[in-house]
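K.L.:
Structure of the sequence below:
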Amino acid sequence: MAHIHFIAIGGSAMHNLAIALYHKGEQITGSDDEIFEPSRSRLEKLGLLPEKLGWFPEKIQQGIDAVILGMHAKADNPELLKAQELGIPVFSYPEYLYEQSKDKMRVVIGGSHGKTTITAMILHVLKHSSIDADYMVGAQLEGFEVMVKLSDTSKWMIIEGDEYLTSPIDRVPKFLHYHPHIAVISGIGWDHVNVFPTFENYLHQFRLFIQAIEKGGSLIYSASDPEVVKIAAETSLEKIPYYAHKSVTENNITSLLSKVGKTQIQVFGQHNLMNISAALEVCRKMEVTDQQFYQAIGSFKGASRRLEPWFEIDQFIVYRDFAHAPSKLSATVAALREQYPSRKLVVCFELHTYSSLSEQFIDHYQKSLDPADEAVVFYDPHAVQIKKLEPMPIDRIRSGFGKINLVVLSTKQDLLDYLSALETANTVLALMSSGSFNGLDRNDIIELFQ
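P.N.:
Prediction:
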């Protein structure tokens, strides 16, 4: 049994890795200066929740086999400094995932959008087909207790490959640590401008990702994205392009068309048809038959917060979605419009990330909300202050989206007041954010509309 200590154990990925290693039989300790739900309850249930919040260098002693450093910690974290002083090996969670999977066949799903859903689809098909695999995915999935699974027996490791920075002391994209045998690039749309200040710089990270593929490996890529096509052409690896899966939609129900036959699915939109094609190509490389794939994919309901039905009453349905980058926002709004052509579509989008709150970036959202009948942007001055950015005038936000009649709101109460006045008959409402609209939750929606 190894003793592994987590610095910033409360993070989404970090606490899931801690739980996975606990289930594997390792001794787990950790610290953090803030831990929110659901991390708090999940750690507490297993006896892994730190007794006190804060950093305690006295916890770091000889006998600890490894320290895993979360992105939330700073480079001068006192526990990190103590571990370095004692010569204890320090890993980021991507480095540790690689350590745990270096003898496995690694599948890494990368791209600016769609990677969580593609990873979730692959895992759903593998589970349905009784194929064992370790994994790391960025959302809670139906039928999976945790977001990370590690074992000594699985042949495969399926990893959602994030292009954001690894840790405070390792400022390279996470996905460069994984060295896949099978890699996917779902699409490239500039994001994370705080660390990739130009699109060329951002694009270069995906070139490096391709270069990190193991010798003899394969690249599965979206042939509908010209930037992806361009960088895919630069490699001599096996290349497998994919397009949106052939389908037909009747009475708001989408079915896939294939040699296997007609397969009704529970997700919709061109972006999900692209995601299905990517998952299909990966599963084929893993020797899943087409018959197995189509039998399984029909029961896939989506990943948590990815165009997730949240509330429905009569002819009114509310979705929530994790979209934050322009490409994600555009794809999701277009999918909703296509799925519900005769319903009023209301979209509420929160500017939450560093990129979306930056005036230099806001113009990338041009026309993304155009398919909506009513559009709201939630702009919280406190979030701007935390990220140490200059505030944007409301008119600048409207011009960034290219929508003069755009409603801009700044508090949860403003949003609740707006929603309470909505005419709900024959209406679809989408709440889209990587944040929470200042703590808006499902109970707020139920109270408003039930």
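
K.L.:
would you list every one of the strands in the stretch 301-450 of the chain?
P.N.:
Under the criterion DSSP state E, counting those that start in this stretch, the stretch 301-450 of the chain contains strands at 308-313, 316-321, 344-351, 374-379, 407-409, 427-432.

K.L.:
mind putting those strands in CSV, mean neighbour count and distance to Leu448 included?
P.N.:
The C-beta positions use only the backbone N, C-alpha and C, and glycine is treated the same way. CSV is the format used below for those (neighbours: other CB atoms under 10 Å; distance: least, CB to CB, whole Å):
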stretch, mean neighbour count, distance to Leu448
strand 308-313, 14, 9
strand 316-321, 22, 10
strand 344-351, 24, 13
strand 374-379, 22, 14
strand 407-409, 19, 15
strand 427-432, 23, 10
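
K.L.:
Switch these over to TSV; also include distance to Gln264 and mean pLDDT.
P.N.:
Output for the strands of the stretch 301-450 of the chain, formatted as TSV (distance: least, CB to CB, whole Å; pLDDT from 0 to 100):
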stretch	distance to Gln264	mean pLDDT
strand 308-313	17	92
strand 316-321	19	95
strand 344-351	24	97
strand 374-379	31	97
strand 407-409	37	97
strand 427-432	21	96
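
K.L.:
Return the residues in contact with His177.
P.N.:
Residues near His177 by CB atoms under 8 Å, 6 or more residues apart in numbering: 92, 94-95, 97-98, 166.

K.L.:
Also Gln270?
P.N.:
Gln270 makes contacts with 244, 331, 334-335, 338, as judged by CB under 8 Å, 6+ apart.

K.L.:
Kindly report the same for Lys24.
P.N.:
Taking CB under 8 Å, 6+ apart as the test, what Lys24 contacts is 150-152.

K.L.:
By neighbours, which of those residues wins?
P.N.:
Leu150 (21 neighbours; other CB atoms under 10 Å).

K.L.:
how close does it sit to Ser31?
P.N.:
Leu150 is 22 Å from Ser31, where distance means CB to CB, to the nearest Å.

K.L.:
try Lys82
P.N.:
Per CB to CB, Lys82 is found 11 Å from Ser31.

K.L.:
again with Gln264
P.N.:
48 Å.

K.L.:
Between these two, which is the more surrounded one?
P.N.:
Legend: neighbour count by other CB under 10 Å for Gln264 and Ser31, higher for Ser31 (26 against 12).

K.L.:
and the residue in the chain sticking out farthest from the centre, bridged to which residues?
P.N.:
The centre of the chain is farthest from one residue, Gln62, which by CA atoms, centre = their mean lies 36.2 Å away. Note on Gln62: beta-bridge partners Ile64, judged by DSSP bridges.

K.L.:
Quick check: it vs Glu163, distance?
P.N.:
Taken as CB to CB, the span from Gln62 to Glu163 is 36 Å.

K.L.:
ditto for Gly269
P.N.:
Distance, Gly269 to Glu163, using CB to CB: 23 Å.

K.L.:
Report pLDDT for Lys215.
P.N.:
For Lys215, the pLDDT comes out at 97.

K.L.:
From Ile118, how far out is it?
P.N.:
24 Å.

K.L.:
Show me which of those two is the more surrounded one.
P.N.:
A direct count of neighbours by other CB under 10 Å for Lys215 and Ile118 places Ile118 higher, at 29 against 7.

K.L.:
Which secondary structure state is assigned to that one?
P.N.:
helix (DSSP: H, G, I helix; E, B strand; the rest coil).

K.L.:
cool, Leu203 as well?
P.N.:
helix.

K.L.:
Check whether it really touches Gly189, as I assumed.
P.N.:
No - between Leu203 and Gly189 there is no contact under CB atoms under 8 Å: 10.2 Å.

K.L.:
Comparing those two, which residue is more hemmed in?
P.N.:
A direct count of neighbours by other CB under 10 Å for Leu203 and Gly189 places Gly189 higher, at 19 against 16.

K.L.:
Model confidence score at that one, please.
P.N.:
Per-residue pLDDT puts Gly189 at 89.

K.L.:
these two touch, right, it and Ala325?
P.N.:
Yes - if you go by CB under 8 Å, Gly189 and Ala325 touch, sitting 5.6 Å apart.

K.L.:
Quick check: neighbours shared by those two?
P.N.:
Shared contacts of Gly189 and Ala325 (CB under 8 Å, 6+ apart): 112-113.

K.L.:
quick one: the helices in the stretch 1-150 of the chain?
P.N.:
Remark: helices assigned in the stretch 1-150 of the chain by DSSP state H, counting those that start in this stretch are 12-23, 39-45, 78-86, 93-101, 115-128.

K.L.:
What mean pLDDT does the longest helix anywhere in the chain get?
P.N.:
If you go by DSSP state H, the chain has its longest helix at helix 270-285. If you average the pLDDT over helix 270-285, you get 97.
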